[in-house]
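Student: Just need the structure, nothing else, for what follows:
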Amino acid sequence: MNSSSMPTDRKQMYRKRRQLSTDNGENWEGRGLNINTTSYVLLNQVGDALVNNGESLSKQKLSNKSNEQLQGDKNLYSLQEKITSRFPRTLVTIVCNTDQKPDPHLRNIFQRQLNQTKTMLKSLVYFSSSSFRVIVVTESQKTYDQVLSQLEDWPERYRSRLHFERGEIWIPKQENILMEVWRPCSWPKLFLHEALPSLDAAIYADTDILFLGPAEGLWDALEGLQEPQAFAIGQDPLYDRHKHRRYAGTVGLSAGLFGANFTRLRSFKSEHGGYSDTIMHYKKNNKNSHDQDTLNVLLADYPEMFHELSPQWMFCPSHCLQGVLPCCLDTGVNVIHGFDATFVRGVEMVFQVIYEALLDFDLGSQASLLRERLDKEFFRVDRLALSSACRRVMGIQAILTKHIRDLADLEGKGSTEWYNEKKTKTKNEPLTKE
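Tutor: Presented below is the predicted three-dimensional model:
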């Protein structure tokens with residue numbers, strides 16, 4: 001990016017970051033406004049040491065630091081505050097490259113995770129007008145760099161609204177087996193309060209999440225949690241269809257996307273210990289359960305801990321199994337979840353064609369092109385009777401593409417100002433009661 005084209009405030013922030021990187025001996029790579037920061041763990045440690053939040057550094061460690069080192073810590077903490085004020089909405093996702101062998105259904109292929117992450121972030125900035133702080137939790141720096149390298153050709157007006165940081169995966173000691181259970185790195189999402197110890201609250205999203213409308217309403221729901229609620233979390237109706245599994249909420253809860261107040265999770269206490277100890281207690285007492293199953297059983301015993309979101313904010317293929325949708329006819333759907341490799345396996349083609357269209361879509365192109373492609377793809381799915389429970393649901397195309405059509409219509413009228421204003425003021429559809 002040509003520095004002469006930068007606004008003054010951006011130039012100052014960029015210079016400040018470069019200066020701090022020099023002062024602290026770190027290699028900060030500039031990507032527009034997307035500074036590839038030093039390990040997020042470093043910033044967490046600084047924040048912990050200064051504000052005593054979470055598992056802070058001991059006073060002994062602090063006393064051993066020189067004044068020069070402490071000043072560097074304060075500079076980094078000051079920088080973290082500036083980042084938070086400029087990017088107040090924090091999104092966390094986990095991308096993991098493991099040694100697991102690919103299975104026949106493409107579940108463990110690393111390239112699929114990379115493609116899904118790129119598409120998820122693309123849909124986030126395309127349908128929303130806010131700026132976002134994105135913490136990518138990975139098992140290595142190499143994986144983090146691979147994620148960011150996919151976004152380098154994005155137009156600056158989209159890319160500059162994402163500030164990236166890296167977080168380290170955290171799991172309980174002597175529980176390394178969790179890294180191999182179910183999906184690669186599926187369990188670390190339940191321990192983000194440990195992995196990011198100075199983060200107060202955030203929205204977590206699996207890589208197989210797609211935003212089909214403004215995402216800001218999720219942060220509204222997170223901010224609206226009433227103590228002791230720590231989760232704003234959506235539904236997974238599969239639990240309601242398989243009664244042999246215990247679940248929380250009206251039909252079961254999804255761990256694919258949730259808002260979490262990590263501060264409240266850190267202060268959680270039960271007869272089994274803190275939140276992490278309690279999670280492991282439920283895991284060991286439900287040996288065949290996966291991460292989402294374990295979270296459901298825990299929240300079934302502690303229903304005061306969560307607020308259940310409507311399907312507008314977590315729409316799964318299993319919602320279509322009911323035949324008639326209980327929501328979203330007027331509001332449309334803002335989030336879909338392609339769990340279990342739904343976007344690539346050919347088992348729910350309505351979801352897959354949406355994912356493929358957004359994967360191929362060039363940011364900066366007109367929404368009318370996206371609408372036209374999806375019209376053709378929905379017609380093909382219906383005409384050829386391709387595998388899909390959702391294609392049998394009346395009005396499903398209008399529900400899933402409402403925001404795309406709204407945007408395309410506004411582009412046709414030569415203005416998107418109304419839509420951009422609407423995006424910043426999006427209200428939640430009434431949230432489902434627990």
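Student: looking at the protein, which helix or strand is least sure?
Tutor: helix 40-51 (a mean of 33; mean pLDDT, DSSP states H and E).
Student: Tell me if I am right that Arg257 is in a strand.
Tutor: Arg isn't right for residue 257; it's Leu. Yes. Assessed by DSSP: H, G, I helix; E, B strand; the rest coil, Leu257 belongs to a strand.
Student: Now do it: how many residues are near it, please.
Tutor: Here the number of neighbours of Leu257 (other C-beta atoms under 10 Å) works out to 25. Where you see a C-beta, it was placed from the backbone N, CA and C, and this is true even at glycine.
Student: so what pLDDT did it get?
Tutor: Looking at Leu257, its pLDDT reads 97.
Student: With Thr90 instead?
Tutor: 98.
Student: Who is it paired with across the strands?
Tutor: Taking DSSP bridges, one finds Arg133 as the beta-bridge partners of Thr90.
Student: Then Phe258?
Tutor: Taking DSSP bridges as the rule, Phe258 bridges to Tyr204, Ile233.
Student: contacting residues around it?
Tutor: When contacts are counted by C-beta atoms under 8 Å, 6 or more residues apart in numbering, Phe258 touches Ile203, Tyr204, Phe231, Ala232, Ile233, Gly234.
Student: Any quick ChimeraX command for the buried ones out of these?
Tutor: In ChimeraX, this line selects whichever of the contacts of Phe258 come out buried by 16 or more other C-beta atoms under 10 Å:
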select :203,204,231,232,233,234
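Student: In a markdown table: the contacts of Phe258, plus distance to Glu356 and pLDDT.
Tutor: A markdown table is the format used below for the contacts of Phe258 (distance: C-beta to C-beta, whole Å; pLDDT from 0 to 100):
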| residue | distance to Glu356 | pLDDT |
| --- | --- | --- |
| Ile203 | 25 | 98 |
| Tyr204 | 25 | 98 |
| Phe231 | 31 | 98 |
| Ala232 | 29 | 98 |
| Ile233 | 28 | 98 |
| Gly234 | 23 | 96 |
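Student: ok, of the contacts of Phe258, which one's closest to Glu308?
Tutor: The closest of those to Glu308 turns out to be Ile233 (C-beta to C-beta; 6.5 Å).
Student: related to what we said a few turns ago, quick one: which of the contacts of Phe258 is nearest to Arg266?
Tutor: The nearest member of these to Arg266, counting by C-beta to C-beta, is Phe231 at 13.8 Å.
Student: I'd say the closest one and Gly259 touch.
Tutor: Yes. Counting by C-beta atoms under 8 Å, Phe231 does reach Gly259; the two are 6.8 Å apart.
Student: Quickly list what's touching both of the two.
Tutor: Leu225.
Student: where's Asp153 relative to Gly364, distance?
Tutor: As judged by C-beta to C-beta, to the nearest Å, Asp153 and Gly364 stand 11 Å apart.
Student: hey, where'd the strands end up in the stretch 301-434 of the chain?
Tutor: Residue ranges of the strands in the stretch 301-434 of the chain, as given by DSSP state E, counting those that start in this stretch, are 306-308, 335-337.
Student: Point me to the residue sitting closest to the centre of the protein.
Tutor: For the chain, Ala205 is the residue whose C-alpha lies nearest the centre (C-alpha atoms, centre = their mean; 2.4 Å).
Student: Which residue, neighbours along the chain excluded, lies closest to it?
Tutor: Leu257 (4.8 Å; C-beta to C-beta, 6 or more residues apart in numbering).
Student: Could you measure from the one you found over to Leu329?
Tutor: 22 Å.
Student: Which secondary structure state does the nearest residue to Ser140 once chain neighbours are set aside sit in?
Tutor: Excluding its sequence neighbours, the residue lying closest to Ser140 (C-beta to C-beta, 6+ apart) is Asn97, at 7.1 Å. The three-state assignment at Asn97 reads coil, by three-state DSSP.
Student: I figured Asn97 hits Arg112, correct?
Tutor: No. At 11.2 Å, Asn97 does not count as touching Arg112 under the criterion of C-beta under 8 Å.
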